[in-house]
Each structure stands twice: as C-alpha cells, then as structure tokens.
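S.K.: following is a predicted model, sequence given first.
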Amino acid sequence: MTDTAPERPLPDPPPDLTPDALDLWEDILTHHGATITTIGFGALVQSVKLVALADRAEEAIGSDFVVIGFRGAPVSNPLFDTVRQARTAAVTALKTVGANLGDAPSGTNAGRALAGARWRKAR
C-alpha cells in the first residue's frame, strides 16, 4: 500500500478572466501547483489578470489599427501599447512563478505558457 496525497482541487481563479487567461491559470496550477510558492501564486494571479487586460484591449482594437489622433492625423491605435505592456508585464510576473516550472530558464517557461494559451485560443 502506498501513501499518496489526495489531489487538491484548483483554487478558484480571479473573477472576469478571458478564456486565454483562464487556460493559463489552469495550465500553471495543473502542472506546477504543488511547487508554487506564496509569492509565485501572487505573481500568477497578477499575470492572468494582465493577460485578460491584454485580451480585452485586443478585442477593443478589432480592425481599428489606425485611428484619428487628437490633431486629426491618423495614428496607430494607442491600445497597442496597452497590449504590449500588459503582455510584457505578464511574462515578467510569470518569471517569478517560473523558478518552479522546470529546468528551462524562467523567461522561456513564461513565454511558453503565454504562447500555449494563445495557441489553444486559435484552435
């Protein structure tokens, strides 16, 4: 007879996550939940919120890549900056979690996690 710990249910995700952010939440906790530290868990929460923010900003952009600026000239949609900054911050937050995500450098794992969530969305 072997002693095995019962599987713990995943903690509830933060409210209002997008499908990509929820996929990321579930993937990280399913595969690495037993090794995530308290600090790493906090970083994961912030990361999925940032992914949801970036997803919503992308939805808001839609096909409006160019908008009219305050002086009447066409400019790049300013929400692109929000998307870039949110995704960059999400990867940075995932690097904190990444210390417990395997043997690849944490930035690599963070990028893999985000790319995996985006790939599943495209399927």
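M.R.: Now that the structure is in, tell me what you want to look at.
S.K.: residues in contact with Pro11?
M.R.: Pro11 makes contact with Leu29 under the criterion Cβ atoms under 8 Å, 6 or more residues apart in numbering. C-beta: built from backbone N, CA, C; applies to glycine.
S.K.: pretty sure it is in a strand, no?
M.R.: No - checked against DSSP: H, G, I helix; E, B strand; the rest coil, Pro11 lies outside a strand; its state is coil.
S.K.: does Asn77 touch Gly62 like I think?
M.R.: No - in this structure, Asn77 is not within contact of Gly62 by Cβ atoms under 8 Å, at 9.2 Å.
S.K.: higher neighbour count, the two?
M.R.: Asn77 (17 against 9; other Cβ atoms under 10 Å).
S.K.: show me the contacts for that one.
M.R.: Asn77 neighbours (Cβ under 8 Å, 6+ apart): Ile61, Asp64, Phe65, Val66, Val67.
S.K.: just the buried residues out of these, in PyMOL syntax.
M.R.: Typed into PyMOL, the line below selects the buried ones among these, using 16 or more other Cβ atoms under 10 Å:
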select buried, resi 61
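S.K.: let's see which of the contacts of Asn77 end up in helices.
M.R.: Among the contacts of Asn77, the residues falling in helices (DSSP state H) are Ile61.
S.K.: turn the contacts of Asn77 into TSV, columns for distance to Ala89.
M.R.: Shown next, in TSV, are those (distance: Cβ to Cβ, whole Å):
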residue	distance to Ala89
Ile61	18
Asp64	23
Phe65	22
Val66	25
Val67	24
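S.K.: could the contacts of Asn77 go into JSON lines alongside pLDDT?
M.R.: Compiled in JSON lines, the contacts of Asn77 are given as follows (pLDDT from 0 to 100):
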{"residue": "Ile61", "pLDDT": "93"}
{"residue": "Asp64", "pLDDT": "91"}
{"residue": "Phe65", "pLDDT": "91"}
{"residue": "Val66", "pLDDT": "93"}
{"residue": "Val67", "pLDDT": "92"}
